[in-house]
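Colleague: I would like the atomic coordinates for the input below:
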Amino acid sequence: MDFLRMYSIALGALAVVLAVVALRRRRKTVPDQERERREFLDRVGRITDGNVLDVQEMEPEGERLTQLILYQYEIAGVEYQCSQDVTRLRHWINLHSCRLGLPTSVKYDPQNPGNSLVISERWNGLRE
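Modeller: Here you go, the predicted structure:
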């Protein structure tokens with residue numbers, strides 16, 4: 001009986017320790033998640049041709065200015081229209097030179113073609 005009681009106490013203590021570790025783990029911020037997504041696509045992404053549809057600047061209430069590139073590309077007969085937040089990457093590109101129909105290269109995830117980008121810290125698909 002003592003063995004069963006000790007086993008239960010040890011499992012309970014282990015569960016408490018795991019819960020504390022899980023709660024104390026730092027959650028990733030949205031910019032960190034986006035940076036990791038760009039790094040992933042830099043490593044595994046395939047390249048295809050696309051076109052810039054538009055460049056938009058938005059300022060949601062109470063937030064700072066957000067700059068988006070809207071673009072489209074086609075994979076296996078399926079057309080994708082996506083946007084990428086380039087606010088943190090704007091010093092690598094001139095958004096005012098991006099215009100409707102500008103050809104671009106798009107890096108996409110072969111396992112999830114909707115996950116794509118046109119610019120990252122190490123790669124730029126915009127053509128001038």
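Colleague: who are the packing partners of the strand with the most length in the chain?
Modeller: Longest strand in the chain by number of residues (criterion: DSSP state E): strand 46-58. For strand 46-58, the packing partners by 3 or more CB pairs under 8 Å, 6 or more residues apart in numbering; DSSP states H and E come out as strand 66-75, strand 103-109. To be clear about C-beta, it is placed using only N, CA and C from the backbone, and glycine gets the same treatment.
Colleague: sheet partners, orientation included, of it?
Modeller: strand 66-75 (antiparallel), strand 103-109 (antiparallel) (DSSP bridges).
Colleague: now the helices for this structure?
Modeller: Remark: helices assigned in the chain by DSSP state H are 2-24, 30-44.
Colleague: so for Arg122, which of these sits nearest?
Modeller: Among those, helix 30-44 comes nearest to Arg122, with 5.4 Å by CB to CB.
Colleague: buried deepest among the helices of the chain, which one?
Modeller: helix 30-44 (a mean of 13; mean count of other CB atoms under 10 Å).
Colleague: show me where pLDDT drops low in this protein?
Modeller: Applying pLDDT under 70 to the chain flags residues 1, 61, 94-97, 128.
Colleague: switch the cut-off to 90
Modeller: The chain contains residues with pLDDT under 90 at 1-34, 54-68, 85-102, 121, 124-128.
Colleague: same list (the helices of the chain) but as a markdown table, adding distance to Gln111.
Modeller: Formatted as a markdown table, the helices of the chain follow (distance: least, CB to CB, whole Å):
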| stretch | distance to Gln111 |
| --- | --- |
| helix 2-24 | 28 |
| helix 30-44 | 8 |
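Colleague: nearest to Gly125, of those?
Modeller: helix 30-44 (10.9 Å).
Colleague: for that closest one, name the packing helices and strands.
Modeller: By 3+ CB pairs under 8 Å, 6+ apart, helix 30-44 packs against strand 103-109, strand 112-117.
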